[in-house]
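# Sequence unavailable; structure follows:
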Ligand SMILES: C[S@@+](CC[C@H](N)C(=O)[O-])C[C@H]1O[C@@H](n2cnc3c(N)ncnc32)[C@H](O)[C@@H]1O
Ligand SMILES: [Zn+2]
């Protein structure tokens, strides 16, 4: 509960926007809106967003993600995020992870920045259960990334958004004036060796253009880094990589098992991601939701003053 109590000053009631306080197992605002703290320590602040938010990742997807991340295959990404944040924020204040899943990246960053605290946001209950115990300095809160976030304005020293829904207007609203948001999306070659044999959903070739449009609504891209590395996966690793991603919504588990059984016992698989380091755009009217037609790259500006070092393992 200590991490949740530390996070309360950042939060706001999803119904009326008032401050929140905890009394035992309930978080409530002065107007009497109340939210139960789950046995696992997270609190769900759904209510201000869409009437019915999608449930997010299933228990099976979350378990696969926990297995895969625990094996360290994505450590190069966690390290690169830390390297970028070394220059992107002062190491103090709150790191908000939007679509945090198990909270693995957040926990990595909290280990690296001992004076920071963390807040994991996700809509999936199985994810929140994991995220609530990801790190002693991380709290976990349920919310819909597409709706207004239950966070007060300008409370996040840094925002993390890894392979998860992103609402640029809300990210910009919650960022501190000098805060940085790191947005990670899969590159075109991500898991390419698994896509065909396992029947996974490929990466949309327009993904980068769509991303630029989504971010440009309210965020300026300061630095964009392409990062790729190779992972040696056994069958369990290949299965977890497939089962933790969006393809799990489309491919029956028994089919995945059958297809994985036909793979070589060890397979070298590409991980390829784009990391966008962004800051809240200045002096620009911000619509509340991402605009569908905001893909004009002319909206994107680069801040010349920000020049982080390259981290080892980075490409391009
Ligand atoms: C692909 S997972 C990534 C999780 C984590 N960032 C990671 O990389 O390990 C996407 C996450 O976004 C969450 N999610 C999906 N829709 C959401 C929504 N509308 N609001 C909040 N979280 C959502 C899912 O539950 C899931 O945990
Ligand atoms: Zn309220």
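Perfect, thanks for sending it. A quick note: this is a predicted structure, and the numbers were derived from the prediction, not measured. Numbers count the residues shown, from 1 in each chain. Ligands and ions are numbered 1, 2, ... in the order given.
# Quick one: the strands in this structure, in order.
Listed in chain order, the strands of the chain (DSSP state E) span 20-23, 26-29, 34-36, 43-44, 93-98, 116-122, 138-142, 156-162, 175-186, 219-233, 267-280.
# now those in CSV, with mean pLDDT?
CSV is the format used below for these (pLDDT from 0 to 100):
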stretch, mean pLDDT
strand 20-23, 97
strand 26-29, 97
strand 34-36, 96
strand 43-44, 98
strand 93-98, 98
strand 116-122, 98
strand 138-142, 98
strand 156-162, 98
strand 175-186, 96
strand 219-233, 97
strand 267-280, 97
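# looking at those, which is closest to residue 53?
The minimum distance between residue 53 and these falls on strand 138-142, with 8.9 Å, by Cβ to Cβ. No exception for glycine: its C-beta is placed from N, CA and C like everyone else's.
# quick one, that closest one and strand 93-98 angle?
Calculated by axes from the mean of the first three to the mean of the last three Cα atoms, to 10 degrees, strand 138-142 forms an angle of 40 degrees with strand 93-98.
# in its sheet, what does strand 138-142 sit against?
Applying DSSP bridges, strand 138-142 is found paired with strand 43-44 (parallel), strand 116-122 (parallel).
# Dump the strands of the chain into CSV; add distance to residue 193 as well.
As requested, those are exported to CSV (distance: least, Cβ to Cβ, whole Å):
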stretch, distance to residue 193
strand 20-23, 47
strand 26-29, 45
strand 34-36, 44
strand 43-44, 38
strand 93-98, 28
strand 116-122, 29
strand 138-142, 33
strand 156-162, 21
strand 175-186, 14
strand 219-233, 9
strand 267-280, 5
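# Those strands: which one's closest to ligand 2?
strand 26-29 (3.4 Å; Cβ to the ion).
# List the buried residues for the closest one?
27, 28, 29 (16 or more other Cβ atoms under 10 Å).
# With stretch 11-18 instead?
So for stretch 11-18, counting by 16+ other Cβ under 10 Å, buried means 11, 12, 13, 14, 15.
# what's the neighbour count on the residue of the stretch 101-250 of the chain found nearest ligand 1?
Minimum separation of the stretch 101-250 of the chain from ligand 1 (Cβ to the nearest ligand atom) falls at residue 101, amounting to 2.6 Å. Residues lying near residue 101 (other Cβ atoms under 10 Å) number 28.
# Now do it against residue 39, distance only.
20 Å (Cβ to Cβ, to the nearest Å).
# same thing with residue 183?
32 Å.
# and the two? which has more neighbours close in?
Taking other Cβ under 10 Å, residue 183 and residue 39 do not tie; residue 183 has more neighbours (25 against 9).
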